[in-house]
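Visitor: quick one: sequence and predicted model below, then my questions.
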Amino acid sequence: MRLPLATTTVLSLCLAGCAVAPIAELAPEAGIALQGIVHGGQQPVNQAHVYLLAASSSGYGTASTSLLTSGTDGSDSIGGYVLSAADGSFSITGDYTCTLDQQVYLYALGGNPGAGTNPASGMMAAVGSCPSGGTFSPSAYFTINELSTIALAYSASGFAADPLHFASSGTALAKIGIANAFANTTNLVGSATGKALTATPTGNGTVPRTELNTLANILASCMNTNGTISGPSSPTPCYTLFNNAKSGSTLPSDTAGAAINIAHNPTANIATLFNLQTATGPFSPTLSAAPNDLTLNLTFTGGGLSTSAGQANLSSYTVNNIAIDASGNVWKPNYGTNTLSEFSPLGAPLSGSGGFSGGGLSTPANVAVDLTGNIWVGNYAGNSVSKFAPTGSPVSGSPFSGGGITGPANLTVDPSGNIWIANSTTAITKLTSAGTAVSGSPFATNSVTQAIGIAITPAGNVWVTDAFSDDTVVYTNAGAAVSGSPYTGGAQNYPYGIAFDTSARAWLADDSAITRLSATGTAGTSFNAPNGAIPTSIAIDGLGNIWVAEVGNNTILELNPSGTYISGSVGFQKGESAVPEAVAIDLSGNLWYSTCNDPTIHELVGAAAPVATPLAYAAKNSLLGQRP
């Protein structure tokens, strides 16, 4: 069944038309004084155990490392600690060592917030990367409270199992990812003030302050008590919080663990958690009603971003997309202004107020990053592709138009560094990394009617969604049709975006459903999307969960690897008029999405599991659907 006219109007707005070196291990460095205060709500916490911990690099799920050595107030099974004073203040006077680039955080456990000793009190604050020489600034001051806890729980969600288990694999990409994640806390909460921000430090990002305060008040309902856990009859706040912020069937042991579990499960028990707030909650302003979900959405402007509304009248469709490079930078083409935007992992614009230009950009609609960090952009009306250096400068010879490039609907990079272009015709183009057409290109031997989405398996096979024929065609890396192609499984209906999981299964954004095909295309299953949803762009995170931008309800959808929707009855929705057009996941587990009807780009902080980027690197190293 084809899309109704009213739907195609919305859809056409969105659809028309690095080498990584290993990081050497360095010797530990002696630290200098760290100071701060522990607050539960607005009350000082007396006699809390304040630990200084570092995230592990020995594998996901492994235990954090205690950094405090001698001269502390005591030690226990967690490690050395200092005690907070009656006014909540604490000082760590250099009695620790850390290794360059270790991710360091403070963890305050227990203590008396004014209602008696609360063993359920747990709060965290990110300190950040251990610098060369261990020279954390002597003037650095940290407030550990519910807001700093929420900031770290969400930003580093993809690396946290509980407050004592922040970890990565220790690979070069994983180290970049976790460093970016810890740094992202500064986009949410002031480290010294412990207050939610209204704008990111660079000024171009809008912070969901009311939601941050709401989440902090939920934790404060348990923090500002003596920590009694009893129920279900006349349940205490800690009982209600812990029983509604589980990890599977396991209750958290403190409020910091609850914060991490809420970040992992942002659609669970929202109304009950929301109602834990008191009328005089310590943080304000707050949400006036329970939200659709508890994801945290940052909205960024600048960098030359523009809308893609100019594509609305095209007779064919492209799959607008965004791409992440090996540093976690985000790249987006701007169809209406013939420019290219770049943002840092923290959302700071790197492409100037007007974006990058030149290189033959002509109605650019899609983008990919190659194995050496170069940026390739498909020029829909220009019948070409442009190539930019990682710095944003056009590469000599750009644009490239050989091999029969015609209205490129999408493009991708294979494990050998070749560029594959899905033309809005019956043919597929293959270019070398130098932009030269490969012999035999364009390839038109696979019954393609309207190529739209394109993706590459680690083996190098090229899968292309054919929306007008309701099927998926597959080529070998030499451009020959794969036996059995085109694949029609799963009741495909207008397939657009495509992505692969770790089992090389193809997942398709398929009109009103998500379709899964086996690695051989011989079996297919469709999972109906929420009513009114129109999936378009798709990405798979490091735990195999599927993320989808859809233009019918203006939401982001998430499915687990079994095809069950875990993003609620509608999807992640922030009450915006913005129409999501494309999704991508970064090294830190942030879900980025662009919109077609306003000049913004968005980040769901820590919502996904980290992935290896760019996608070409993940394909080359068989890391699709896995954490780096």
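Guide: Here it is on my side, so go on.

Visitor: which other helices and strands contact the helix or strand harbouring Leu152?
Guide: Using DSSP states H and E, Leu152 falls within helix 146-155. Secondary-structure packing of helix 146-155 (3 or more Cβ pairs under 8 Å, 6 or more residues apart in numbering; DSSP states H and E): strand 122-129, helix 172-183, helix 209-223, helix 255-264. Heads up, the C-betas are built off the backbone N, CA and C, glycines and all.

Visitor: who are the contact partners of Ala481?
Guide: Counting by Cβ atoms under 8 Å, 6 or more residues apart in numbering, Ala481 touches Thr445, Asn446, Val473, Val474, Tyr475.

Visitor: Thr488: which of those residues is nearest?
Guide: Nearest to Thr488, judged by Cβ to Cβ, of the contacts of Ala481 is Val473 at 10.4 Å.

Visitor: quick one: that closest one and Gly484, what's the gap?
Guide: As for Val473, its distance to Gly484 is 10 Å (criterion: Cβ to Cβ, to the nearest Å).

Visitor: out of these two, which sits in the more crowded spot?
Guide: More crowded of Val473 and Gly484, by other Cβ atoms under 10 Å: Val473, with 25 against 10.

Visitor: host element of that one?
Guide: Val473 belongs to strand 471-475 when elements are defined using DSSP H and E.

Visitor: can you tell me what sits against that strand?
Guide: Contacts of strand 471-475 (Cβ under 8 Å, 6+ apart): 428, 443, 446-448, 451, 461-466, 481-482, 484-488, 492, 495, 498, 506, 508, 517, 521.

Visitor: which other helices and strands contact the next helix or strand after that strand?
Guide: Remark: after strand 471-475, the chain's next helix or strand is strand 495-500, criterion DSSP H and E. The helices and strands touching strand 495-500, judged by 3+ Cβ pairs under 8 Å, 6+ apart, are strand 451-456, strand 462-466, strand 471-475, strand 506-510, strand 535-540.

Visitor: tell me the angle the second one makes with strand 495-500.
Guide: Using axes from the mean of the first three to the mean of the last three Cα atoms, to 10 degrees, one finds that strand 462-466 and strand 495-500 are set 160 degrees apart in direction.

Visitor: and strand 462-466, average pLDDT?
Guide: The average pLDDT within strand 462-466 is 95.

Visitor: that one pairs with which strands?
Guide: When pairs are called by DSSP bridges, strand 462-466 turns out to pair with strand 451-456 (antiparallel), strand 471-475 (antiparallel).

Visitor: buried set for the shortest one?
Guide: Of the residues in strand 471-475, Asp471, Thr472, Val473, Val474, Tyr475 count as buried by neighbour count, 16 or more other Cβ atoms under 10 Å.

Visitor: what is the nearest of those to Asp541?
Guide: Thr472 (21.8 Å).

Visitor: quick one: residues contacting the closest residue to that closest one other than its chain neighbours.
Guide: For Thr472, ignoring the flanking residues on the chain, the nearest one in space by Cβ to Cβ, 6 or more residues apart in numbering is Tyr487 at 4.8 Å. Shown in contact with Tyr487 (Cβ under 8 Å, 6+ apart): Asp471, Thr472, Val473, Val474, Leu517, Gly521, Thr522, Gly524.

Visitor: ok, the first one to Gly524 distance?
Guide: Here the criterion is Cβ to Cβ. By it, Asp471 lies 10 Å from Gly524.

Visitor: anything in contact with each of these two?
Guide: Common neighbours of Asp471 and Gly524 (Cβ under 8 Å, 6+ apart) are Tyr487, Thr488, Gln492.

Visitor: what is the nearest residue to the second one once chain neighbours are set aside paired to in the beta sheet?
Guide: Closest residue to Thr488 apart from its sequence neighbours, by Cβ to Cβ, 6+ apart: Asp471 at 4.6 Å. Here Asp471 sits in beta bridges with Asp466, going by DSSP bridges.

Visitor: count of neighbours near Ala167?
Guide: The number of residues packed near Ala167 is 23, by other Cβ under 10 Å.

Visitor: ok so, going back, now do the same for the residue nearest to Thr488: its pLDDT.
Guide: For Asp471, pLDDT reads 93.

Visitor: if we can go back for a sec, distance of the residue nearest to Thr472 from Ala499?
Guide: For Tyr487, the distance to Ala499 - Cβ to Cβ - is 15 Å.

Visitor: can you check Asn383 too?
Guide: Using Cβ to Cβ, we find Asn383 at a distance of 26 Å from Ala499.

Visitor: neighbour count winner among the two?
Guide: Neighbours per residue, other Cβ under 10 Å: of Asn383 and Ala499, the larger number sits with Ala499, 24 against 17.

Visitor: just checking, the more buried one touches Gly544?
Guide: No: using Cβ atoms under 8 Å, Ala499 is not in contact with Gly544, being 10.8 Å away.

Visitor: so where is the chain shaky, pLDDT-wise?
Guide: 1-32, 70-71, 133-135, 137-139, 308-319, 575-576 (pLDDT under 70).

Visitor: domains of it: list them as residue ranges, please.
Guide: As given by automatic domain parsing, the domain ranges for the chain are 5-16+308-620, 24-292.

Visitor: quick revisit: how about the buried residues of strand 471-475 in a markdown table, adding distance to Asn410?
Guide: Below are the buried residues of strand 471-475 laid out as a markdown table (distance: Cβ to Cβ, whole Å):
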| residue | distance to Asn410 |
| --- | --- |
| Asp471 | 16 |
| Thr472 | 13 |
| Val473 | 13 |
| Val474 | 15 |
| Tyr475 | 14 |
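
Visitor: of those residues, closest to Ser401?
Guide: The closest of these, once distances to Ser401 are taken by Cβ to Cβ, is Tyr475, at 20.9 Å.

Visitor: any idea how far the closest one lies from Ile144?
Guide: For Tyr475 relative to Ile144 (Cβ to Cβ), the value is 55 Å.

Visitor: in the stretch 201-350 of the chain, which spans are strands?
Guide: With DSSP state E, counting those that start in this stretch, the ranges of strands along the stretch 201-350 of the chain come out as 205-206, 297-300, 323-324, 330-334, 339-343.

Visitor: pick the most buried one from these.
Guide: Of all those, strand 330-334 carries the top mean neighbour count, a mean of 28, counting by mean count of other Cβ atoms under 10 Å.

Visitor: please compute how far it lies from its chain's middle.
Guide: 16 Å (Cα atoms, centre = their mean, to the nearest Å).

Visitor: run me through the strand neighbours of it, direction for each.
Guide: Sheet pairing here is set by DSSP bridges, and for strand 330-334 it gives strand 323-324 (antiparallel), strand 339-343 (antiparallel).

Visitor: and the contacts of it?
Guide: 304-306, 308, 320, 322-325, 339-345, 347, 355, 361, 364-367, 369, 375, 377-378, 582, 584, 586, 592, 594, 601.

Visitor: what's the PyMOL syntax to select whichever of those are buried?
Guide: Of the contacts of strand 330-334, the buried ones go into a single PyMOL selection, burial set by 16+ other Cβ under 10 Å:
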select buried, resi 304+305+306+308+320+322+323+324+325+339+340+341+342+343+344+345+347+355+361+364+365+366+367+369+375+377+378+582+584+586+592+594+601
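
Visitor: ok, Thr299 touching Leu604?
Guide: No: using Cβ under 8 Å, Thr299 makes no contact with Leu604, being 10.8 Å away.

Visitor: pull the distance from the helix or strand hosting Lys430 to the chain's centre.
Guide: Using DSSP H and E, Lys430 falls within strand 428-431. Computed by Cα atoms, centre = their mean, the chain-centroid distance of strand 428-431 equals 30 Å.

Visitor: which positions within it qualify as buried?
Guide: By neighbour count on 16+ other Cβ under 10 Å, the buried set for strand 428-431 is Ile428, Thr429, Lys430, Leu431.
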